[in-house]
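Participant: everything below, folded, please.
(one chain, ligands or ions: 1)
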Amino acid sequence: MPQIIMGPAEKSGLDGSVKKAAYSFLEKLREDDTVPGLHIEPIALSADPRVRTGRVNDFWRALLVKLTHGGATSYVYLGTYAHDDAIALAKTASVRINPINGIAEFIKVGDGAASAGGSVPVAQGAADQGGPAGPGGAAPSGTTVPPKPAPEDRDTTAYPFLETQGVSVADLTGLGFTEAAAKQAVTISDDDSLESFAGRLPTWQGVALIDLAYGKSVEAVREAYSIPSAPRDTSRDDTDEALLAALKHPASRAEFAFIEGQEELREVIENADFARWRIYLHPEQRTYAERDRNGAFRLSGGAGTGKTVVLVHRARLLARANPQARIVLTTFNRTLADSLREQLLSLDPEVPLAKAPGQPGVYVGGVDQVAYQVLREAGSALAGSQSSTGAVAQVLGPRTAQVLQGTAPGAWAEAIAVAGSSLPEELRSESFFIAEYATVVLPGRLTARGEYLRARRPGRKVPLGRAQRSGVWDVIEAYRAAAAAAGTADFEEKAMIAATQLDAAGARLADHVLVDEAQDLTPARLMLLRALVAEGKNDLFLAEDSHQRIYGQRIVLSKYGINIRGRSRRLTLNYRTTHENLAYALRVLGDQAAYEDLEAEGASASGYRAARRGPTPEMMPATSLAEEYEAAAELLGGWVEEVGAGAAEALGVLVHAKGVAEALQRALAERGIEAQFVGPDKEVTPGKVVIMTMHRAKGMEFSHVLLFGIDTGFGAGAAHLRDVPEADRADAELRERSLLYVAATRARDRLVVMWKGQPSELLPASG
Ligand SMILES: Nc1ncnc2c1ncn2[C@@H]1O[C@H](COP(=O)(O)OP(=O)(O)OP(=O)(O)O)[C@@H](O)[C@H]1O
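Facilitator: Residues are numbered from 1 along each chain as shown. Here you go, the predicted structure:
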């Protein structure tokens, strides 16, 4: 059965009206390429002797490249064309191995500069500004280069991008660009020309060019695209075996996809919406999805850079490599885990799912679900025995081992009321206790007053004297006593007990643990994940974006037994949103230096970019709430018309609190807009505008986003920040910024911000 490899068909003009015929042709080809009706034929005078055409129907021909290797056959599909166009294209089309780097490329022989599919555009910016000439008129290396500004001050109109970054023609040719493409690339001075030029190069070159233009070093590109620094042996490049191997090069896989089965073939051909990420990964994403790691690995990256996509691919590949492997794919909460499962199944409906951690296959669940399963499974063992202290007692001190029920919300407030009278007002705060308990008491497994009085409190900003510590412990004792009486435990406690139980039993329930949104996990949850899997190859893989930390405290992984030791990398290309929306969202974050990542380093956003352009985010002030409702209804009415009522779930209205959401839903209904409020465990119903809290919107995306109610009640003035102790305020305000950043980065295309009266101080000054 021949292997079908999808080539860059989109670029070469696959027509919607022939999709069905093309699919049926490819299906037959997959079954048996010797069937006479397919007419797989070489073309006289073709530049590449491997090129074939095939008969799709009377009028249409498929363009193919045939490879024979070790008795097997593969076809690279280059699109379906009207008969005469197919014959003309077949004469110049070629899939070759780039002699410098070994990456497979689709080129048109004799097609000047880039040897890419399509003619090469003039670098408009350069020509317009009378800068170095366009095609042919080189900006050779060695031209006087203007002083290099820092990336954030880069003036893209004044300097050609690559010169600004110190990248020369020789650097580009050294990576594998043709000389003509390299000469032209260094003249490009504006985003539009960069995008259009990049779009016409073979895919790996296009993405590499954008990477370089936005500050990635030549060495980093070399590493990311697996480009050798020494000359390659090209002596076997004309063999079919060598080309097949080149098609599997990580950078080739951004343009050529090996089709695994009939269903995948049908999806790729027929379904325009079939998400590109399922097939074509950025070379870096592919590396992170595929490469073995010798221990815990951290993948960071701004919103929309494909961290989730990498995790989902990695989970699938690990499951395929070893069907007996016990894989846990987990994240902050159940809602996000449901979406991970959906993405995993959409990538591969056949992927084996496990019902519980510890079983072969992929278990997908929120980290608290993992904890629950561990506790349920452990059952009476949690109580320990006469000779050994059980996990519950190790974490909470002597008490009943019944911990499956959840502690009621408000339990901290009650404990403070009962036992906190000796504390100063500022410490009589739920938010203080939640943080202290999660970051000091539980991870230290502190069960006695004396232990707490002596405990180190790393990372805690609120200073405590001895008497205050004792007062804090009074409240903790009251909290624990009430929970013990009720036979309950909170989520943090459950995670910590589960981690302790696994450690005590030496039971490692997983071979691989993959984690999304790791920046939001508390110490106990991280310790649970650490306890699920033994240290070793491909044990833990954490995806995170410290700019999106909206829960919990700043944490450092190494304190919880997760040793990254240089195994961390960053994704920087945002696939979701536009350049304009991203620039706005980054301004919301404000001072970058204020954020730290999970290894206590500055969380960098340098080089973070979007490849698409779109409208500038729009600011819509209102003088009253009624006016804001009115404006929202009018805006959404227009958007519904634009996307069509049947697709209204692509429109997201994000607010900071449930109450605001519910009132807005009613106000919109009164104004003729039917919207749905989607709460924590609810799913989106198609056909209705979506209203969500910003917390709930984490991990989601919408084509249009309205940020509603971004007034002074959001940010430093937010009601829930009132009980935060002074010393913790700066961090709490940072989380507010992160929340707004999360919300703004949910928009694919349009972003509008509304408020009444004064805008929140978190909004960038000039819109
Ligand atoms: N290689 C790719 N080609 C095309 N689209 C991609 C690619 N990788 C990711 N995407 C798309 O980009 C969007 C963001 O991807 P994903 O959700 O994985 O990013 P993320 O880094 O997890 O984002 P966030 O942190 O904001 O949740 C999705 O729509 C996804 O389909």
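Participant: what pLDDT is listed against the nearest residue to residue 694 once chain neighbours are set aside?
Facilitator: In this structure, residue 694 finds its nearest non-sequential neighbour in residue 743, 4.2 Å apart by C-beta to C-beta, 6 or more residues apart in numbering. The way it works is simple: take the backbone N, C-alpha and C, and place the C-beta from them, glycine included. Predicted confidence (pLDDT) for residue 743: 96.
Participant: just the one 10 residues further on next, same as before
Facilitator: Model confidence at residue 753, expressed as pLDDT, equals 97.
Participant: if we can go back for a sec, so the helix or strand encompassing the residue nearest to residue 694, near the ligand or not?
Facilitator: Secondary structure from DSSP states H and E places residue 743 in helix 726-744. No: Helix 726-744 lies out of reach of the ligand by C-beta under 6 Å from any ligand atom, never closer than 7.2 Å.
Participant: downstream of the helix or strand bottoming out on mean pLDDT in the chain, the next helix or strand is which one?
Facilitator: Ranking every helix and strand in the chain by mean pLDDT, DSSP states H and E puts helix 124-128 at the bottom, with a mean of 30. For helix 124-128, the following helix or strand on the C-terminal side (DSSP H and E) is helix 161-164.
Participant: now do that next one, average pLDDT.
Facilitator: 84.
Participant: which strands and helices sit next to that helix?
Facilitator: Under the contact criterion of 3 or more C-beta pairs under 8 Å, 6 or more residues apart in numbering; DSSP states H and E, helix 161-164 touches helix 203-213.
Participant: can you list the residues of this structure near the ligand?
Facilitator: Contacts of the chain with the ligand, taken as C-beta under 6 Å from any ligand atom, map to 275-277, 280-282, 285, 301, 303-309, 545, 548, 575-576, 699, 701, 745.
Participant: among the residues you listed, name the buried ones.
Facilitator: Neighbour-count burial (16 or more other C-beta atoms under 10 Å) applied to the residues of the chain next to the ligand gives 277, 280-282, 285, 301, 303-309, 545, 548, 575-576, 699, 701, 745.
Participant: so which of those are in helices?
Facilitator: 285, 307, 308, 309 (DSSP state H).
Participant: can you put the residues you listed in CSV and add distance to residue 246 and pLDDT?
Facilitator: CSV is the format used below for those (distance: C-beta to C-beta, whole Å; pLDDT from 0 to 100):
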residue, distance to residue 246, pLDDT
285, 19, 87
307, 28, 95
308, 29, 96
309, 24, 95
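Participant: of all pairs in those, which one is the farthest apart?
Facilitator: 285 and 308 (10.6 Å; C-beta to C-beta).
Participant: re earlier: ok, now which ones touch the residue nearest to residue 694?
Facilitator: Neighbour list for residue 743: 654, 694, 697, 705, 707 [criterion: C-beta atoms under 8 Å, 6 or more residues apart in numbering].
Participant: contacting residues for the fourth one?
Facilitator: So that's residue 705. Applying C-beta under 8 Å, 6+ apart, the residues contacting residue 705 are 651, 652, 653, 654, 743, 744, 746, 747, 750, 751, 752.
Participant: next one: it from the ligand, what distance?
Facilitator: 12 Å (C-beta to the nearest ligand atom, to the nearest Å).
Participant: after the helix or strand containing residue 641, which helix or strand is next?
Facilitator: Here residue 641, judged by DSSP H and E, is contained in helix 625-643. Counting by DSSP H and E, the next helix or strand C-terminal to helix 625-643 is strand 651-655.
Participant: and that following strand, which strands flank it?
Facilitator: When sheet partners are counted by DSSP bridges, strand 651-655 sits next to strand 689-693 (parallel), strand 702-707 (parallel).
Participant: and the ones you listed as TSV, adding mean pLDDT and distance to residue 321?
Facilitator: Converted to TSV, the strands paired with strand 651-655 look like this (pLDDT from 0 to 100; distance: least, C-beta to C-beta, whole Å):
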stretch	mean pLDDT	distance to residue 321
strand 689-693	97	37
strand 702-707	97	35
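Participant: would CSV of these with distance to residue 732 be doable?
Facilitator: Formatted as CSV, the strands paired with strand 651-655 follow (distance: least, C-beta to C-beta, whole Å):
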stretch, distance to residue 732
strand 689-693, 17
strand 702-707, 20
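Participant: of all those strands, which one is nearest residue 260?
Facilitator: Going by C-beta to C-beta, the one of the strands paired with strand 651-655 nearest residue 260 is strand 702-707, 29.5 Å.
Participant: distance between that closest one and the chain's centre?
Facilitator: Centroid separation for strand 702-707 versus its chain: 18 Å, with C-alpha atoms, centre = their mean, to the nearest Å.
Participant: for that strand, output the C-alpha coordinates as PDB.
Facilitator: Taking Å, rounded to 0.1, in the frame of the first residue of the first chain, the C-alpha atoms of strand 702-707 are listed here in PDB:
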ATOM      1  CA  PHE A 702     -12.500  33.200  20.000                       C
ATOM      2  CA  SER A 703     -12.300  35.000  16.600                       C
ATOM      3  CA  HIS A 704     -13.700  38.200  18.200                       C
ATOM      4  CA  VAL A 705     -13.200  39.200  21.900                       C
ATOM      5  CA  LEU A 706     -14.900  41.900  23.800                       C
ATOM      6  CA  LEU A 707     -13.400  42.700  27.200                       C
END
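Participant: pull the residues that contact stretch 446-458.
Facilitator: Stretch 446-458 is contacted from outside by 393-397, 436, 439-441, 444, 464, 466, 469-470, 472-473, 476-477, 559, using C-beta under 8 Å, 6+ apart.
Participant: can you give me the angle the helix or strand encompassing residue 587 makes with helix 726-744?
Facilitator: Remark: residue 587 resides in helix 579-589, with elements defined by DSSP H and E. Angle, helix 579-589 to helix 726-744, by axes from the mean of the first three to the mean of the last three C-alpha atoms, to 10 degrees: 170 degrees.
Participant: show me what helix 579-589 is packed up against.
Facilitator: strand 609-612, helix 726-744, strand 747-756.
Participant: show the contacting residues for the residue in the stretch 501-650 of the chain positioned nearest to the ligand.
Facilitator: Residue nearest to the ligand within the stretch 501-650 of the chain: residue 575 (3.2 Å; C-beta to the nearest ligand atom). Neighbour list for residue 575: 277, 304, 305, 306, 610, 611 [criterion: C-beta under 8 Å, 6+ apart].
Participant: and what of residue 378?
Facilitator: Residue 378 makes contact with 391, 498, 501, 505, according to C-beta under 8 Å, 6+ apart.
Participant: just say helix, strand or coil for the residue lying farthest from the centre of the chain.
Facilitator: Distance from the centre of the chain peaks at residue 386, with 48.2 Å (C-alpha atoms, centre = their mean). For residue 386, the assignment made with DSSP: H, G, I helix; E, B strand; the rest coil gives coil.
Participant: for the record, mean pLDDT for the longest helix along the chain?
Facilitator: With secondary structure taken from DSSP H, the chain has its longest helix at helix 466-486. Average pLDDT, helix 466-486: 97.
Participant: need the CA coordinates for that helix. PDB is fine.
Facilitator: Taking C-alpha atoms only, helix 466-486 is exported to PDB below (Å, rounded to 0.1, in the frame of the first residue of the first chain):
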ATOM      1  CA  ARG A 466       7.100  34.300  66.900                       C
ATOM      2  CA  ALA A 467       3.900  35.400  68.600                       C
ATOM      3  CA  GLN A 468       2.200  36.000  65.200                       C
ATOM      4  CA  ARG A 469       3.300  32.500  64.000                       C
ATOM      5  CA  SER A 470       1.700  31.000  67.000                       C
ATOM      6  CA  GLY A 471      -1.500  33.000  66.300                       C
ATOM      7  CA  VAL A 472      -1.500  31.800  62.800                       C
ATOM      8  CA  TRP A 473      -1.100  28.200  64.000                       C
ATOM      9  CA  ASP A 474      -4.100  28.600  66.200                       C
ATOM     10  CA  VAL A 475      -6.200  29.300  63.100                       C
ATOM     11  CA  ILE A 476      -4.600  26.400  61.200                       C
ATOM     12  CA  GLU A 477      -5.500  24.100  64.100                       C
ATOM     13  CA  ALA A 478      -9.100  25.400  64.100                       C
ATOM     14  CA  TYR A 479      -9.300  24.900  60.300                       C
ATOM     15  CA  ARG A 480      -7.900  21.400  60.600                       C
ATOM     16  CA  ALA A 481     -10.100  20.400  63.500                       C
ATOM     17  CA  ALA A 482     -13.300  21.500  61.800                       C
ATOM     18  CA  ALA A 483     -12.300  19.500  58.600                       C
ATOM     19  CA  ALA A 484     -11.400  16.500  60.700                       C
ATOM     20  CA  ALA A 485     -14.800  16.600  62.400                       C
ATOM     21  CA  ALA A 486     -16.500  16.800  59.100                       C
END
